[in-house]
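[1] fold the following, please.
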Amino acid sequence: MNNWWRLTPDINGSYLTGTWSQLASMQSSYGPLYFASAVLPDGRVIVEGGEYNFLSFAETNRGTIYDPVADSWTPVNPPVGWGEIGDAPGVVLPDGTFMMGQISSTRQVLFNATTLTWTPTGIGKADNFSEEGFCLLPGGSVLLVDCANGTNSEKFNPASGQWSSAGSTIVQLPDAGSLEIGPHIQRPNGTSVAFGGTIHNSIYNFSTGTWSPGPDFPGGNDMADAPGCLLPDGNILVFTSPGIFQPPGTFFIFDGTSFTQAPNTRTGAQLTSYKGRMLLLPTGQVLSLVADGRRSYIDVEVFTSTGQPDPAWRPTISSVPSTLTRGSSFQISGTQFNGFSVGTDYGDDATMATNYPLVRLTNSATGHVFYARTHDHSTMAIATGNAIVSTMFDVPPNVETGPTRIAVLANGIASRPRVVTIQ
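    Numbers count the residues shown, from 1 in each chain. Presented below is the predicted three-dimensional model:
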């Protein structure tokens, strides 16, 4: 439960034939299941809480942060007075600060990644954070659907620390008994989709600040704890199941208007939605796997969609040095480096946001693919439009030299490449 692994693509950039390698393990007392996590702007990964610890119900208040350069974990003390964190909601704000809510109260905190300490924030939250998930909006505010307050939704303003009502979702999204709800995913068309722990779904319009009911799930399915992933063409891949934690699991693609059934995985029909996890890969493919805390089903698969992104959604490169040196760091600048969405979401139990830039290097002679480690992004905001943003990237020491095509990728969508020389 406290072991972590890295999947590295092969020399041609394929994850299907990539290689798994084990990373450093967490501290021996901490093995969380259903927890908050995020990739921070400096490239470190924070993990907080856990509904279970080594498969025992705990609502633990433990936490830790991973340094990919040192391949090491450092414990993080809980916020003052927090006896439990559990399956708390978490999100990285546009300025790079990780924010987390407490499951049993309206308390929330901001994380200082330098000092590894917490600062309270948040005024006026209508209900506690139990089962709720954060949805980052263009402009930097955070939207969520209340799980214990009827059809109400709320919006958080990071500048003022104030919560305010974001209106009614019209239809009931959380399950009345368990309060479970599904993921909340932004689309590039200026909307976000809040998927229900009931059969219902609702769509939020960023411009008008209003909700409209979406179509119900087919076949009595729902997403009471379930993963969803934005595809490069703007549609959303979702994993559903009927009732609360009942099989069979079924995949659908939602295009904003209707659901179309997608191919199932080898084990999907034997699962319920909460056991699924997804991650949007740099290739635009979706990594799907089973995560129930046990080895009942060892099934890792890759979903490839046929749709293509609108060219207007691509990142653009405005500035990058023409000559790059192996083992050195450089800045690259341009637009839309963070995409229009966090990419993948689950809700309170798991977060897999990928709204940060990746840098891909493809040798012009061999076609071999290398990824540079990116860090210190200028923003973690989504839908940044024509604003010039930037990130630092480290040229791998083993990258092939000579003319190379460099591209920035945001949520599986690549910029038009530029040609640089690597020495």
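
[2] and the gap between the residue most central in space within the chain and T384?
    Nearest to the mean C-alpha position of the chain, by CA atoms, centre = their mean, lies A353 at 1.7 Å. Shown here: A353 relative to T384, a distance of 15 Å by CB to CB, to the nearest Å. All C-beta spots, glycine's among them, are computed from the backbone N, C-alpha and C.

[3] what about the helices in this structure?
    Counting by DSSP state H, the chain has no helices at all.

[4] neighbouring contacts of the longest strand seen in the chain?
    Assignment by DSSP state E gives strand 402-410 as the longest strand of the chain. Strand 402-410 is contacted by residues 282, 315, 317, 320, 324, 332, 334, 336-339, 355-365, 391, 414-422 when judged by CB atoms under 8 Å, 6 or more residues apart in numbering.

[5] cool, and stretch 251-266?
    So stretch 251-266 is in contact with 187, 189, 191, 193, 203, 214-215, 217-218, 221, 231, 234-240, 249-250, 268, 288, 299, 301, 303, 305, going by CB under 8 Å, 6+ apart.

[6] how many residues are close by the residue lying closest to P158 once chain neighbours are set aside?
    In space, and not counting its chain neighbours, P158 is closest to L93: 5.2 Å by CB to CB, 6 or more residues apart in numbering. The number of residues packed near L93 is 20, by other CB atoms under 10 Å.

[7] ok, now V171?
    Residues near V171, counting by other CB under 10 Å, number 18.

[8] how about it, what does it touch?
    151, 196, 198, 200-202, 213 are the contacts of V171 under CB under 8 Å, 6+ apart.

[9] apart from its chain neighbours, what residue comes closest to it?
    H200 (3.9 Å).

[10] can I assume the one you found is in contact with P215?
    No: the pair H200 and P215 fails to qualify as a contact (CB atoms under 8 Å) at a distance of 9.1 Å.

[11] those two: who's more crowded?
    When neighbours are counted by other CB under 10 Å, H200 comes out ahead of the other of H200 and P215, with 21 against 14.

[12] give the contact list for the more buried one.
    Contacts were defined as CB under 8 Å, 6+ apart; by that measure H200 touches 171-173, 213-214, 216.

[13] report pLDDT for R294.
    If you check R294, the pLDDT there is 76.

[14] spatially, what comes nearest to it if we skip its sequence neighbours?
    R294's closest residue in space is L55 (CB to CB, 6+ apart), at 7.4 Å.

[15] what's the answer for K125, then?
    Nearest non-adjacent residue to K125, counting by CB to CB, 6+ apart: T106, 3.8 Å away.

[16] and the one you found, how close does it get to G50?
    T106 is 21 Å from G50, where distance means CB to CB.

[17] next: G243.
    Distance from G243 to G50, counting by CB to CB: 25 Å.

[18] ok, the two, which is more surrounded?
    Per other CB under 10 Å, whichever of G243 and G50 has more neighbours is G50, with 29 against 14.

[19] ok, back up a step: reformat the contacts of V171 as TSV; add pLDDT and distance to N2.
    Output for these, formatted as TSV (pLDDT from 0 to 100; distance: CB to CB, whole Å):
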residue	pLDDT	distance to N2
T151	98	39
G196	98	33
T198	98	35
H200	98	37
N201	98	35
S202	98	37
P213	98	42
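
[20] farthest pair in those residues?
    Using CB to CB, the contacts of V171 reach their maximum pairwise distance at T151 and N201, which is 12.5 Å.

[21] out of the two, which sits in the more crowded spot?
    Counted by other CB under 10 Å, T151 and N201 do not tie: N201 has more neighbours, with 23 against 17.

[22] just grab the bridge partners of the more buried one for me.
    Beta-bridge partners for N201, by DSSP bridges, are F195.

[23] do I have it right that it meets V193?
    Yes: with contact taken as CB under 8 Å, N201 and V193 are classed as touching, separated by 6.3 Å.

[24] and the longest strand of the chain, what's its mean pLDDT?
    98.

[25] what pairs with the nearest residue to I123 once chain neighbours are set aside across the strands?
    Counting by CB to CB, 6+ apart, I123 lies nearest to Q162, which is 5.2 Å off, once chain neighbours are set aside. Applying DSSP bridges to Q162 gives these bridge partners: I123, N157.

[26] what's the burial count for Q162?
    Number of residues near Q162 (other CB under 10 Å) recorded here: 14.

[27] and if you look at P263?
    P263 has 8 neighbours, counted by other CB under 10 Å.

[28] how close does it sit to P321?
    If you go by CB to CB, the gap between P263 and P321 works out to 43 Å.

[29] G90 now?
    As defined by CB to CB, G90 lies at a distance of 35 Å from P321.

[30] more crowded one of those two?
    Counted by other CB under 10 Å, G90 and P321 do not tie: G90 has more neighbours, with 25 against 13.

[31] beta partners for the residue lying closest to that one once chain neighbours are set aside?
    In space, and not counting its chain neighbours, G90 is closest to A36: 3.5 Å by CB to CB, 6+ apart. With DSSP bridges as the criterion, A36 is bridged to E48.

[32] so A36 makes contact with P78?
    No: the criterion here is CB under 8 Å, and A36 misses it with P78 at 11.9 Å.

[33] okay, these two: which has more neighbours?
    More crowded of A36 and P78, by other CB under 10 Å: A36, with 29 against 18.
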